[in-house]
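**Student:** Have a look; sequence and predicted model below, questions after that.
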Amino acid sequence: MGNLTQASRGPKAAARAFWSWFVETIAPLGADGLDQDDIVARIDAEFAKVYPDLAFELWGPDGDMIDFVISADGRTELFDDVLEAVRGAPKIPGWRIVAFRPRRSTRARVSAMGHQLS
């Protein structure tokens, strides 16, 4: 993931590098790719290089969309960072980039590391 070393050029360049990596590497995998054992760890490693104080979650699929939810984990001083991260994301077919954790139904499905909870 050498393109993410652009972080030294500034936060906007680092953000562009993260989203480029995501579009090229993760987005094409779709919902089925989220079940790969190391996929969340790979995303987390790259995301943390650019957004070390923020958190993310992957939700879905909901129909044909997967939500990439970016959160400040309740830290109000990071809310602007969350909004900037979401604004910096490109439009990605099949993905919604969401600021903050929206209220969800209690009927949810969670997939991680090859396991699924409903």
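**Tutor:** Now that the structure is in, tell me what you want to look at.
**Student:** Report the helix or strand with the lowest average pLDDT across this structure.
**Tutor:** Least confident helix or strand, the chain: strand 110-112 with a mean of 65, by mean pLDDT, DSSP states H and E.
**Student:** what bridges to the residue nearest to the spatial centre of the chain?
**Tutor:** For the chain, the residue nearest the mean C-alpha position is F68 (4.3 Å; Cα atoms, centre = their mean). Under DSSP bridges, the beta-bridge partners of F68 are L58, I97.
**Student:** Let the chain start at 45 from now.
**Tutor:** Will do, 45 is the new start, and the previous item becomes F112.
**Student:** where does it land on pLDDT?
**Tutor:** We have a pLDDT of 95 for F112.
**Student:** surely it meets R145?
**Tutor:** No - applying Cβ atoms under 8 Å as the test, F112 and R145 come out as separate, 11.8 Å apart. For the C-beta atoms, the positions are set from N, CA and C on the backbone; glycine is no exception.
**Student:** which residues are common contacts for these two?
**Tutor:** E101 (Cβ atoms under 8 Å, 6 or more residues apart in numbering).
**Student:** can you give me the strands for this protein?
**Tutor:** Taking DSSP state E, the strands of the chain run over residues 99-106, 109-115, 139-143, 154-156, 159-161.
**Student:** could I get the ones you listed as JSON lines with distance to R60?
**Tutor:** Output for the strands of the chain, formatted as JSON lines (distance: least, Cβ to Cβ, whole Å):
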{"stretch": "strand 99-106", "distance to R60": "17"}
{"stretch": "strand 109-115", "distance to R60": "16"}
{"stretch": "strand 139-143", "distance to R60": "14"}
{"stretch": "strand 154-156", "distance to R60": "28"}
{"stretch": "strand 159-161", "distance to R60": "33"}
